[in-house]
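>>> Just the structure for this:
(chains A, B, C and D)
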Number of protein chains: 2
Amino acid sequence: MNENIAESQPSVSELRRDRERAELTERIMDAAREMFVREGYEAVTLRKIALAVQYSPGTIYQYFKDKGALVRAIIRRDSQDLREHLLEEFTLENPVEQLVEMARRYAAWGIAHPNHYRLMLVPPPAWAEQDRELHEHQHTPLERQLLSVLHVVVKNAIERGSLKAKYTEPALVAATLWAGIHGAVLLEIGMATNDRALIGGTDTPFEARFNTLKEVFLDGFLKDEAKPAQ
Amino acid sequence: MNENIAESQPSVSELRRDRERAELTERIMDAAREMFVREGYEAVTLRKIALAVQYSPGTIYQYFKDKGALVRAIIRRDSQDLREHLLEEFTLENPVEQLVEMARRYAAWGIAHPNHYRLMLVPPPAWAEQDRELHEHQHTPLERQLLSVLHVVVKNAIERGSLKAKYTEPALVAATLWAGIHGAVLLEIGMATNDRALIGGTDTPFEARFNTLKEVFLDGFLKDEAKPAQ
DNA sequence: GTATACTCTAAACGCTGTTCAGGAGGCGAT
DNA sequence: ATCGCCTCCTGAACAGCGTTTAGAGTATAC
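This next block holds a predicted model:
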């Protein structure tokens, strides 16, 4: 044992062990993610996850403290992915256009992955109780991350004088924007999963609702002279 | 046995039996509602409910088919209550004012009863699978009911010419309004339950967010000459 | 070769929702 | 008054859940 040296270099077997550990961690998360997204949180059992990765149930507990920690780890990673997806390839220097495009990406993602969306953004307070874990390592909940991303862009728009004079507080504007988009996505998800040939055809396609929301927000927030050309 | 008469009048003991059945049904629902609202769906066990009403667990199953049916029955009843609360005492003949007041009541109710709100409006797809039950007896899901209430008032506003000319479809406007309010309520609920002294004080009170949403919707939807006096 | 550290498993625990055979007791008919 | 019926309710049981733990098995370190 070379404990005498305070922090010695890791041996080759230690390296392999660490790598194998990381790989199994990954395999578990991947299998669990797929099941959570397909069947929802409480329909997925640890035993099924263990079966999928071909280990005994107890083994999972050497990689994740409990079922909640597993789902939280998945959420943490996927939140980061969504966040990067929203910010990807932005060369638009116009913050208003950027906001519209981000909203479009966000909504498209949520509708394409309804269970995933619910998992990350509508946590039943069950697993949120010990969310120390989610907050640590500069990991604020996704909702917060999104708000702070919006905050930056909105602040940019305000500084350029695109918004009406009465909207001076970026946090307020960002929260309003996010509330609208979030509500629209949830409405679409709910209607898509709950309804099969429901009452009279008063239904409207999501595209139309999204555009209405966009119009209203643009008309409501922007100065008349700052509105984009039709 | 008086089977010869097709439908005879119920005997006195039958009446008492039916009444007692209805009373116990009520007691179960009341106890369960309180627990669901306080602790959330999956934290409440049938055994605890049975204990609260002082019957054995099996007895519950003579009154409700299973746990999902019980919570669905509660949701059905409370949905009606909320719906009536929103429409209560309306003498306002101005549909725009009515919409604002309804939104205010709705948001206040949701924030005052966060668990109740989530229970009724953000069902994890678990118990929504067999929602035949929720749809029957002209009971559409609450979300639908709210949209149709909004639909009527919005249609009224459109017919009075209060909205900009490009908004001709009440369903579209109603969906947008509801999405915004729903999102705002969920954001408030999430921030209130998740956060205890979080990152920098970028927080805004709900009142301010609600007013911003109101301003934007009024500015966005209404003709300039139809806006209420400040 | 022996001791050590680690990983994984099998079994068990207490809990859950749910089912079911059977006891208890009031009711209507004889 | 007695008999059978019908309803309500219970206690025990079942399978499945998340989770814990003692220990077998194996690779590493000395």
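>>> So the longest helix seen in chain A, near DNA strand C or not?
Using DSSP state H to define each element, chain A has its longest helix at helix A:12-39. Yes - using Cβ under 7 Å from any atom of the strand, a contact is recorded between helix A:12-39 and DNA strand C, made by A:17, A:21, A:24. Bear in mind the C-beta positions are built from the backbone N, C-alpha and C, glycine included.
>>> List only buried entries from the residues you listed.
A:Leu24 (16 or more other Cβ atoms under 10 Å in any protein chain shown).
>>> which residues touch A:Arg105?
A:85-86 (Cβ atoms under 8 Å, 6 or more residues apart in numbering or on different chains).
>>> and it, what helix or strand is that in?
helix A:95-112 (DSSP states H and E).
>>> Please apply the same query to A:Ile74.
Going by DSSP H and E, A:Ile74 is in helix A:67-87.
>>> hmm, that helix in reach of chain B?
No - legend: contact between helix A:67-87 and chain B by Cβ under 8 Å from any Cβ of the partner chain is lacking; minimum distance shown is 12.0 Å.
>>> Next secondary structure after the host helix or strand of A:Leu51?
A:Leu51 is part of helix A:46-53 when elements are defined by DSSP H and E. Counting by DSSP H and E, the next helix or strand C-terminal to helix A:46-53 is helix A:57-60.
>>> can you pull the buried residues of the helix holding A:Arg105?
A:95-96, A:98-100, A:102-103, A:106-107, A:109-111.
>>> repeat for stretch A:144-156
So for stretch A:144-156, counting by 16+ other Cβ under 10 Å, buried means A:144-151, A:153-156.
>>> again, but for stretch A:161-170
In stretch A:161-170, counting by 16+ other Cβ under 10 Å, buried: A:162-164, A:167, A:169-170.
>>> Just checking it against chain B, any contact.
Yes - looking at stretch A:161-170 against chain B by Cβ under 8 Å from any Cβ, the contacts come from A:164, A:166-167, A:169.
>>> Widest-spaced pair of these?
Farthest pair in these (Cβ to Cβ) is A:Lys164 and A:Glu169. Separation: 12.4 Å.
>>> residue contacts, the residue nearest the centre of chain A?
Note on chain A: the residue nearest the mean C-alpha position is A:Ser79, at 4.0 Å, using Cα atoms, centre = their mean. Listed by Cβ under 8 Å, 6+ apart, the contact set of A:Ser79 reads A:120, A:139, A:141-142, A:145.
>>> quick one: low-confidence parts of chain A?
Counting by pLDDT under 70, chain A has low-confidence residues at A:1-10, A:123-140, A:193-203, A:229-230.
>>> Could you break it into its assigned domains?
Here the domain parsing of chain A from automatic domain parsing is A:9-64, A:76-226.
>>> Highest mean neighbour count out of these?
The highest mean neighbour count among the domains of chain A, using mean count of other Cβ atoms under 10 Å in any protein chain shown, belongs to domain A:76-226: a mean of 17.
>>> just how off-centre is that domain within its chain?
Centroid separation for domain A:76-226 versus its chain: 10 Å, with Cα atoms, centre = their mean, to the nearest Å.
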